[in-house]
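Asks: With the input below, show me the fold.
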Amino acid sequence: MMKSSEIRSTFINYYKKNGHTHVPSSNLIPENDNTLLFANSGMVQFKNSFLGLEKRDYVRAVSSQKCIRAGGKHNDLDNVGFTARHHTFFEMLGNFSFGDYFKKDAIHYAWDVLTNEFQIPKDKLYVTCHISDDEAADIWHRQEGIPKDRIFRFDKDNFWRMGDIGPCGPCTEIFYDHGARAGKESDPFKGIAAGEDRYVEIWNQVFMQYDETSPGVLKPLPKPSVDTGMGFERLVAALQGQFSNYDTELFAPMLDVASKIAKLDYVTDPEVLRSQKDIFERVSAMRVLADHCRAVSFLLADGALPSNEGRGYVLRRIMRRAIRYGRKLSTQSSFLTPMSESLISHMSDFYPELSTRKNHILSTIKDEENRFLQTLDNGTGILQDEIKKLKSQNQKSVSGETLFKMYDTYG
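Replies: Residues are numbered from 1 along each chain as shown. Sure, this is the predicted structure:
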């Protein structure tokens, strides 16, 4: 079984061998760009290169980019912990061409690295293209030999936009089939269309052809380019034979900590999770904590601070969501700080900023956790007193005034 560190280096080294420059991940907080809260994809640091506003000393790049999706256009926060594949923080593996190669080479590299470097069986993979992009569908079939009945055409899901404005274009996606135990739908087209956990999109190849200057207004880019993004956690799950990203060794150290603190088992069997609600809710709480400790630690390492507005508000919201789910597991213990400490130990080899800012990360989490737990306990006590009073008066509705106080004062 390939370890995650080996998977990451295999991807980067493959593209380096094919003339790509390895560009380290940029900061999660985009520089001089007010259109985004956080880096939400690998192409963010290359945005001006795609627009033709910046020329670099290379025309091919490969990266593993730190990403956050918890606010703005790309917001997965409410799904996190309850699906097999959504995260607030994740790594995006990507290869990029700035006016150099286009669809033929991008598609060939993708198929070659998946089926030869990673040796994923071809019968585990499906491909989707935009309904207008006959060229990409033809390349998949004629150049790479993909049968036509494994190439599906979609509209909105196969046109990628970074934000409301900016570089965009049609895309081709590659899906991995986790097998019958991962989901009920056996028809791959229906499963992909429904977003079922059995068929997981692992790679999105965007063919940057346009600049969306305002919503719906597409202007051709001076040089068509390639922007790809492969979810690192999803690829690791496929290569490690796991149905859920959370069941890989990327999350195991943090989940082990949560399991020990809560004195509860972490269950991975998808059939048990589907059939037993109490176990599913317990496991989901652990997964929320494992995901959020990653997001919080990396955001703090990159200079974000909890506050009541903007990026700081998103960070605080993630922290508070994690703390609330920790309370579902135990009312006596703290989870976020020890789990973040485990993460720092686990990921500092590739991301040394975690160890460099370890004391700052852990002290900030601890302060925020202590403050919010006190607020949460005070608010919960007031709410319970109010409910007792209402019951004694034979009333069944909490007043709007009380609800607003719970939201505004007690978070």
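
Asks: what about the helices in the stretch 151-300 of the chain?
Replies: Assigned helices in the stretch 151-300 of the chain, in chain order: 188-194, 232-239, 252-262, 270-275, 277-301 (criterion: DSSP state H, counting those that start in this stretch).

Asks: a markdown table for those helices, including mean neighbour count?
Replies: (Glycine included, C-beta is placed from N, CA and C.) As requested, the helices of the stretch 151-300 of the chain are arranged in a markdown table below (neighbours: other CB atoms under 10 Å):
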| stretch | mean neighbour count |
| --- | --- |
| helix 188-194 | 16 |
| helix 232-239 | 24 |
| helix 252-262 | 19 |
| helix 270-275 | 13 |
| helix 277-301 | 24 |
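
Asks: who wins for proximity to Y246 among those?
Replies: helix 277-301 (4.8 Å; CB to CB).

Asks: and the closest one, what other elements does it pack with?
Replies: strand 60-68, strand 89-97, helix 252-262, helix 270-275, helix 310-329, helix 336-347, helix 353-356, helix 358-392 (3 or more CB pairs under 8 Å, 6 or more residues apart in numbering; DSSP states H and E).

Asks: Report the rounded mean pLDDT for the third one.
Replies: Model confidence over helix 252-262 averages 96 on the pLDDT scale.

Asks: any idea of the mean pLDDT for stretch 109-124?
Replies: Per-residue scores along stretch 109-124 average to 98.

Asks: Contacts for that stretch next, please.
Replies: 2, 7, 10-11, 14-15, 18, 95, 125, 144, 146, 174, 176-177, 203, 205, 228, 235, 238-239 (CB atoms under 8 Å, 6 or more residues apart in numbering).

Asks: what about burial for these, which qualify?
Replies: 7, 11, 14-15, 18, 95, 125, 144, 146, 174, 176-177, 203, 205, 228, 235, 238-239 (16 or more other CB atoms under 10 Å).

Asks: Export the helices of the stretch 151-300 of the chain to a markdown table and append columns for distance to K358.
Replies: What follows is these, written out as a markdown table (distance: least, CB to CB, whole Å):
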| stretch | distance to K358 |
| --- | --- |
| helix 188-194 | 41 |
| helix 232-239 | 23 |
| helix 252-262 | 15 |
| helix 270-275 | 34 |
| helix 277-301 | 9 |
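
Asks: out of those, nearest to L36?
Replies: Closest among these, using CB to CB: helix 277-301, at 13.9 Å.

Asks: Where does pLDDT dip in this protein?
Replies: 71-76, 162, 411 (pLDDT under 70).

Asks: Tell me how many other residues crowd the residue nearest to K104 when sequence neighbours are not counted.
Replies: Leaving aside its sequence neighbours, K104 sits nearest to I139 (CB to CB, 6 or more residues apart in numbering; 5.7 Å). Neighbour count of I139, defined by other CB atoms under 10 Å: 22.

Asks: wait, I139 sits on A106?
Replies: No: the pair I139 and A106 does not pass the contact test of CB atoms under 8 Å, sitting 9.1 Å apart.

Asks: Identify the residues contacting the residue nearest to K104.
Replies: 103-104, 107.

Asks: Show the buried residues in the residues you listed.
Replies: Judged by 16+ other CB under 10 Å, buried ones among those: 103, 107.

Asks: For E91, state which of the contacts of I139 is nearest.
Replies: Checking the contacts of I139 one by one against E91 (CB to CB), the nearest turns out to be I107, at 22.6 Å.

Asks: quick one: the closest one from F98, how far?
Replies: Per CB to CB, to the nearest Å, I107 is found 18 Å from F98.

Asks: now swap in G52 and tell me
Replies: 9 Å.

Asks: Among the two, which residue is more densely surrounded?
Replies: In this view G52 and F98 are compared by other CB under 10 Å, and F98 has more residues nearby, 21 against 14.

Asks: I figured that one was touching M43, is that so?
Replies: No: using CB under 8 Å, F98 makes no contact with M43, being 10.5 Å away.

Asks: hang on, the earlier thing: pick the most buried one from the helices and strands packed on helix 277-301.
Replies: strand 89-97 (a mean of 25; mean count of other CB atoms under 10 Å).

Asks: what about the residue lying closest to K66 once chain neighbours are set aside, distance to K156?
Replies: Nearest residue to K66, sequence neighbours excluded (CB to CB, 6+ apart): S25, at 4.8 Å. Going from S25 to K156 by CB to CB gives 29 Å.

Asks: Which one's more surrounded, the two?
Replies: Neighbours per residue (other CB under 10 Å) separate S25 from K156, with S25 holding more: 20 against 7.

Asks: on that earlier part again, just checking, the residue nearest to K66 touches A61?
Replies: No: taking CB under 8 Å as the definition, S25 is not a contact partner of A61, at 11.8 Å.

Asks: ok so, going back, what's the overlap in contacts for F98 and M43?
Replies: F50.

Asks: export the helices and strands packed on helix 277-301 to a markdown table and tack on distance to P170?
Replies: Converted to a markdown table, the helices and strands packed on helix 277-301 look like this (distance: least, CB to CB, whole Å):
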| stretch | distance to P170 |
| --- | --- |
| strand 60-68 | 21 |
| strand 89-97 | 15 |
| helix 252-262 | 37 |
| helix 270-275 | 33 |
| helix 310-329 | 30 |
| helix 336-347 | 34 |
| helix 353-356 | 35 |
| helix 358-392 | 40 |
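
Asks: bridging residues for G229?
Replies: Beta bridges link G229 to N204, judged by DSSP bridges.

Asks: Show the contacting residues for it.
Replies: Here G229 is in contact with 41-43, 92-94, 203-204, 206 (criterion: CB under 8 Å, 6+ apart).

Asks: in the stretch 1-150 of the chain, which spans are strands?
Replies: In order along the chain, the stretch 1-150 of the chain carries the following strands (DSSP state E, counting those that start in this stretch): 21-22, 60-68, 89-97, 125-130.

Asks: of those strands, which approaches R316 most closely?
Replies: Closest to R316 of the strands of the stretch 1-150 of the chain is strand 60-68 (CB to CB; 13.6 Å).

Asks: Packing partners of the closest one?
Replies: helix 4-17, strand 21-22, strand 89-97, helix 277-301.

Asks: Among those, which comes closest to T248?
Replies: T248 sits nearest to helix 4-17 of all the helices and strands packed on strand 60-68, at 6.9 Å, using CB to CB.

Asks: Next, the angle from that closest one to strand 89-97.
Replies: Angle of helix 4-17 versus strand 89-97, following axes from the mean of the first three to the mean of the last three CA atoms, to 10 degrees, is 10 degrees.
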